[in-house]
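Fold the following and give me the result.
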Amino acid sequence: MNNRSFPIFNAVVPIKTKPTAGAKPSGYRIVANKANDSAEIYVYGVIGGDWFGEGVTAKQFADDLKALGNVKTIDLRINSEGGSVFDGKAMYSLLNEHKAKKIVHIDGLAASAASFLAMAGDEIEIAEGGFIMIHNAYTIAMGDARELRRSAEMLDTVNNTIIDVYAARTKGDRKKIAQMMDDETWMTGAEAVENGFADRMVENLKIAARVSNPKAIETFKKIPAALKPNNRRAAAAFARIAALKT
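Numbering: from 1, shown residues only. Have a look, this model is predicted:
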């Protein structure tokens, strides 16, 4: 049997596909404000292309950032269950290297790959009802014992690079962060600030955070009960925000 390995994920399993030409994934967009020399980026969905082409890929993110030019301020608004580790890491690097001041707003949920994307912020704020979740990367592997060992070693390497990102931003202890990832740790707004994953908590969108993707619900083992109800009210809240920017 031929050995096979598959992409590495940090949340919902995204399967790459080519979206309709010119189409923007729903939940992802960039709103430029030339008068203020600023831009607002919405990542309200999967990171990395999913089965329906809905997720934002690193390539599209890179192209859109380049098209913005040299803006002075970028507000990144996140409500995402995560997705592809490599797309998320690339997006993090692109933002980290951008000369603009980056202000991250965790409007609802920054889980898995979305949590280390958030670490690109010079300032990170989280809604009072928001959550950050960190856990270990995972993959699907097929093959003989040697192939499976290589996959496990690759996951260890990926996890270490994720720890690097968290530790650099939070100034936290690497062993503690590694244990938090092992435990699949869900942090409320207050806990995120306490652990250095956010700089401040803001009193808005108290009912916005939720996990509704069936694959995420199957994958995450410790989803807080507070993230399961109020899906309709949460969706309405995000729709109102989006309408203000159209």
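
Show me where this structure dips below the pLDDT cut-off.
Counting by pLDDT under 70, the chain contains low-confidence residues at 1-26, 50-53, 204-246.

can you give me the strands in it?
Taking DSSP state E as the test, the strands found in the chain are 4-9, 28-33, 38-43, 73-80, 101-111, 123-127, 131-134, 138-142, 185-188, 200-202.

which one is the residue nearest the centre of the chain nearest to, not counting chain neighbours?
The residue lying closest to the centre of the chain (Cα atoms, centre = their mean) is Ala114, at 1.0 Å. With sequence-adjacent residues excluded and distances taken as Cβ to Cβ, 6 or more residues apart in numbering, Ala114 is closest to Ser80, at 3.7 Å. (Each C-beta comes from the backbone N, C-alpha and C, glycine too.)

Where is the longest helix in this protein?
In the chain, taking DSSP state H as the definition, the longest helix is helix 145-170.

Check the offset of that helix from the chain's centre.
Distance of helix 145-170 from the chain centroid (Cα atoms, centre = their mean, to the nearest Å) equals 17 Å.

sorry, back to before: which residues touch the residue nearest to the centre of the chain?
Ala11, Val43, Ile47, Ile78, Ser80, Glu81, Gly82, Gly83, Gly88 (Cβ atoms under 8 Å, 6 or more residues apart in numbering).

How many residues are close by the fifth one?
Each residue near Ser80 was counted by other Cβ atoms under 10 Å, and the total is 32.

Please apply the same query to the third one.
Ile47 is surrounded by 36 other residues when neighbours are defined as other Cβ under 10 Å.

Find the nearest non-adjacent residue to Lys155, please.
Quick fix: residue 155 reads Leu, not Lys. Ala137 (5.6 Å).

do you know how far the one you found is from Phe61?
20 Å (Cβ to Cβ, to the nearest Å).

ditto for Met119
16 Å.

again with Leu109
Plainly put, Leu109 is 19 Å away from Phe61 if you go by Cβ to Cβ.

Repeat that for Ser112.
Distance from Ser112 to Phe61, by Cβ to Cβ: 17 Å.

So these two - more neighbours on which side?
Ser112 (32 against 22).

Surely the more buried one and Gly82 touch.
Yes: contact criterion Cβ atoms under 8 Å: Ser112 and Gly82 qualify, at 2.8 Å.

end-to-end on stretch 183-194?
With Cα to Cα, to the nearest Å applied, stretch 183-194 spans 18 Å between its terminal residues.

Buried residues in that stretch, which are they?
Glu184, Thr185, Trp186, Met187, Thr188, Gly189, Glu191, Ala192, Val193 (16 or more other Cβ atoms under 10 Å).

How about stretch 123-136?
Ile124, Glu125, Ile126, Ala127, Gly129, Gly130, Phe131, Ile132, Met133, Ile134, His135, Asn136.

Now for the first one: which residues touch it?
Ile124 sits next to Ile103, Val104, Ile106, Ala118, Arg169, Phe197, Ala198, Asp199 when contact means Cβ under 8 Å, 6+ apart.
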